[in-house]
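Chemist: build me a model:
(one chain, ligands or ions: 1)
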Amino acid sequence: MSAQAPEEGRLTGIAILRRGLALSPAIKEGLGLTLVLAILSTIGGSVIPIVIKQTVDSGLGKGNGTELSDVAGYLFAALGIIVVSGLLAYWMRVRLFVASERGLAQLRVDAFRHVHDLSMLTQNAERRGVLVSRVTSDIDQVSQFLQFTGIMMVVSLGQIVVATAIMAWFSWQLTIVVWVCFLPLAISLKYFAERLSRAYDIVRGTVGEMLAVIAEPVVGASVVRAYAIERRTQERVDAGIGRNLDANVRAQKLVAVTFASAGVAGGLANAAVIAFGVAIGLSGQLSMGTVIAFAFLVGLFVGPVQMATQVLTDAQNAIASWRRVIELLDTPADVVDPGAAGTTLPGGVLGARFEGVTFAYPGGPDVLKDIDVEIAPRQRVAIVGETGSGKTTFAKLLTRLMDPTVGVVRLGDTDISQVSFDDLRRHVLMVPQEGFLFDATLRDNLLYGKKDAAETELLEVFDRLGLADWYASLPRGLDSQVGQRGESLSAGERQLVALVRSALADPEFIVLDEATSAVDPQTELRATRALDRLLEGRSSVTIAHRLSTAENADRVLVFDAGRLVEDGTHAELVRLGGVYARLHASWVAQASLATHQPVVDPV
Ligand SMILES: Nc1ncnc2c1ncn2[C@@H]1O[C@H](COP(=O)(O)OP(=O)(O)OP(=O)(O)O)[C@@H](O)[C@H]1O
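Modeler: Coordinates of the predicted model:
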C-alpha cells in the first residue's frame, strides 16, 4: 500500500469496475432505467440540427416563399422535446445520485470497519493518514466519477452514436469524412488510457502520503513545538505536497495531450466537412440545408468526443481511487473475529495459559520465544523486564490485539482465537498506560466502559474505587468536558478516568500497562487505591513500572530478550539473585532518589 501501486497482481480497470460494483451493489440498482433516461434526454438534445434542416429546406428554402406556420410548428415541437428531455435529464440525475451515494455510503462503512479490523500491526503511525485517505478522499473521487463523469461517459457515447446516425442519414459521405478525421485519436486512446491509469495510481498514492504527513504533525503538535522541529516538520510536509504536485503535473500533461488531440481532430473535421460538403453540394447531391445542418452536427459530434477524453481522464483517476479502496478491503485482517460462529467463554473468573507461544512482528525477528506459562484465576501477576524485552507484546497477545505466530493463548481452557470479540471483550480488558479519552464529557467517556450504565451506577463506581472525593472536586461533575484526547484533565486524572471506565466494563481479567507519568502525590495515592480496589477479586497481569507493584503481586514474571527467564514471588526472585534481583536493585536506587516514590525495602 505504497504511493506507487505495485505492478504485480494489479487489477485492470475493468476488473476494478467489476469488483467496485460488486462491493457496492446499490450503485447498479435501477441502472437500466437510468441509462434509458440518459439516452432519451440525449436524443432530445439532438433535435436542433434536424429542426434547422427542416426550417431551412421546408421553410426559408422553399421556392414559393416562407411558410411561417411550418417554421412555427417545428419550433414548438423542438421546444416540447427540449423541455421533456430536460425533465428526463433531471430524473436521471436524481436516480444516479441516490444510487451512487447509497452504494458509496456502504463502501465507506465497510472500508472504515475494515480499518478497525486491521490489527495494530497494519495501523502503524504513518499509515493511519494513508488509511484515512482511502476511506475519505479516494471514495470521494469515486463518488464524483459515478455522479458526473460516469453518466457523462454514457451520455457522450450516446451522443456520438446519435450524431453518427443523424449524420449518416443526412450524408454518409460526410460521415465517413468526419470519422476518418477522428480515427487516429480513437486508436491512440487505449495507449493514453493505460498511461493515464499509471499516472493516476501515483497521484492517488501521493494524496494519501500527503494527508499522512500533514495529519501527523497536527496530532503531534505539542511534540513539534516542544522540540522546536517546526522547520523539519514543514520540510516533510512541503516534500509531501511537492510529490503530489509533481505527480499531478505529470498526469495533467497527458490529459492536455489527449484534450488537445481531440481539439485538433475536431478542427480538421469541421474544415473537411465544409470543403467536402461544398464539393458534393456543387455536384447537386446535397441541399444547402443539409450542409449547414451538417456543420452543426459536427459540433454535436466533436463536443462529446472532447468530453469523452475528459471522461477518460476522470475515469482513470476514479479507477486509481477505487483500486486503493479495494486494496484496503483486500488486506486481510490478521486478527479475525470468529463472530457469531465463535465459542463463548464459561462464566466465573478465569485464568490464562500460554502454550508454546512465539511471536514475531511482520518481517522482524522473534520477540517472544517459546512462552509456556499458566496464570491461575484471581492471581495478581506483575511482569517486569528491561525495555524491549517483550512485556507489551505478551499483554497484547493475552488480550488478542495480535495472534501468536506459533502456539496458543487460552482463557480457562478456551483458545481465545475461537472466542467472538464481543464475548472476549466482556471477559478480558486491556487498560493502557494512557487511556484514550474522546473529546466529550466525562460521562460520555465513562459510558465507553458500559454504554447503558445509569448515572447512579457511575457514581457508585467512583465510590467503590475510593474516588468520591475526587469526583466531588469536579465543578461540573459528570458534565465536565475532558477536551481533545482528555487534554483538559491532568495526566493523573486521565488515569483515574481510565480506571473508572474499566471498573464499569467489569471484566474478570484485567491486563494493565501501569502508568509511568509522574503525578502529584495525592493523585498517585488515589490511583493506587483505585487500582487496588479495581483488581480485587479479578485475575490480573500488570506490566509493572513501579517497585511496589512487583512487590505486592502474587507472582512476578520476568522477561529478558523475549524469553520468560524467571517466575516466582518478589521475595523468591530477589533471593535468586538473577535478572529480577538486578532490576530490583536499580529500581530501589532510583526510587530512593525520587522523594515521592514510596520505597519498600528489598527483601
Ligand atoms: N509494532 C511493532 N513492529 C515491530 N517491532 C515491534 C513493534 N512493537 C514492538 N516491537 C519490538 O518488539 C520487541 C518487544 O517490544 P515490547 O513493546 O513488547 O517490549 P516491552 O518490554 O514492552 O518494552 P517497554 O518496556 O519499552 O514498553 C522490541 O524489540 C520492539 O522493538
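Chemist: measure residue 351 to the ligand for me?
Modeler: Using CB to the nearest ligand atom, to the nearest Å, one gets 22 Å for the distance from residue 351 to the ligand. Any C-beta I mention is one placed from the backbone N, CA and C, and that applies to glycine too.
Chemist: what is the burial count for that residue?
Modeler: Residue 351 has 18 neighbours, counted by other CB atoms under 10 Å.
Chemist: thought it was touching residue 380?
Modeler: No - Residue 351 lies out of contact with residue 380 (CB atoms under 8 Å); the separation is 11.8 Å.
Chemist: identify the contacts common to those two.
Modeler: Counting by CB atoms under 8 Å, 6 or more residues apart in numbering, the common neighbours of residue 351 and residue 380 are residue 539.
Chemist: make sure residue 557 is indeed in a strand.
Modeler: Yes - the assignment for residue 557 (DSSP: H, G, I helix; E, B strand; the rest coil) places it in a strand.
Chemist: just list the residues touching it, thanks.
Modeler: Shown in contact with residue 557 (CB under 8 Å, 6+ apart): 373, 381, 382, 383, 384, 564, 566, 567.
Chemist: quick check, the third one in contact with residue 546.
Modeler: No - in this structure, residue 382 is not within contact of residue 546 by CB under 8 Å, at 9.3 Å.
Chemist: neighbour-wise, which of these two wins?
Modeler: residue 382 (25 against 19).
Chemist: can you give me phi and psi for that one?
Modeler: Residue 382 adopts backbone torsions of phi -110, psi 140, taken as degrees, to the nearest 10.
Chemist: for the ligand, see how far away it is.
Modeler: Residue 382 sits at a distance of 13 Å from the ligand (criterion: CB to the nearest ligand atom).
Chemist: before we move on, the earlier item: mark which of the contacts of residue 557 are buried, thanks.
Modeler: Buried members of those, scored by 16 or more other CB atoms under 10 Å, are 381, 382, 383, 384, 564, 566.
Chemist: burial of the residue lying closest to residue 420 once chain neighbours are set aside, as a residue count?
Modeler: Leaving out its chain neighbours, the residue that sits closest to residue 420 by CB to CB, 6 or more residues apart in numbering is residue 342, at 3.7 Å. Neighbour count of residue 342, defined by other CB under 10 Å: 19.
Chemist: quick check: next helix or strand after the strand or helix carrying residue 181?
Modeler: Element membership for residue 181, per DSSP states H and E: helix 172-219. Helices and strands here follow DSSP H and E; after helix 172-219, the next one along the chain is helix 221-226.
Chemist: in that next one, what's buried?
Modeler: Buried residues in helix 221-226, defined by neighbour count with 16+ other CB under 10 Å: residue 224.
Chemist: flag the shaky bits of the stretch 151-300 of the chain, pLDDT-wise.
Modeler: The stretch 151-300 of the chain contains residues with pLDDT under 70 at 151, 222.
Chemist: rerun at 80
Modeler: For the stretch 151-300 of the chain, applying pLDDT under 80 flags the ranges 151-159, 162, 215-230, 281-293, 295-297, 300.
Chemist: against the ligand, how distant is the residue nearest to the spatial centre of the chain?
Modeler: Most central in the chain under CA atoms, centre = their mean is residue 135, positioned 2.9 Å from the mean C-alpha point. Distance, residue 135 to the ligand, using CB to the nearest ligand atom: 22 Å.
Chemist: how about that residue, nearest residue that isn't a chain neighbour?
Modeler: residue 111 (4.7 Å).
Chemist: show me where the chain has strands.
Modeler: Ranges of strands within the chain are 352-360, 366-375, 380-385, 406-411, 414-415, 428-431, 509-513, 539-543, 555-560, 563-568, based on DSSP state E.
Chemist: any idea which of those strands gets closest to residue 229?
Modeler: strand 509-513 (27.4 Å; CB to CB).
Chemist: just the CA atoms of the closest one, as CSV, please.
Modeler: Extracted C-alpha coordinates of strand 509-513, given in CSV (Å, rounded to 0.1, in the frame of the first residue of the first chain):
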residue,chain,number,x,y,z
PHE,A,509,-9.4,-10.4,33.7
ILE,A,510,-7.5,-7.1,33.6
VAL,A,511,-4.3,-6.6,31.7
LEU,A,512,-2.8,-3.3,32.7
ASP,A,513,0.1,-1.3,31.4
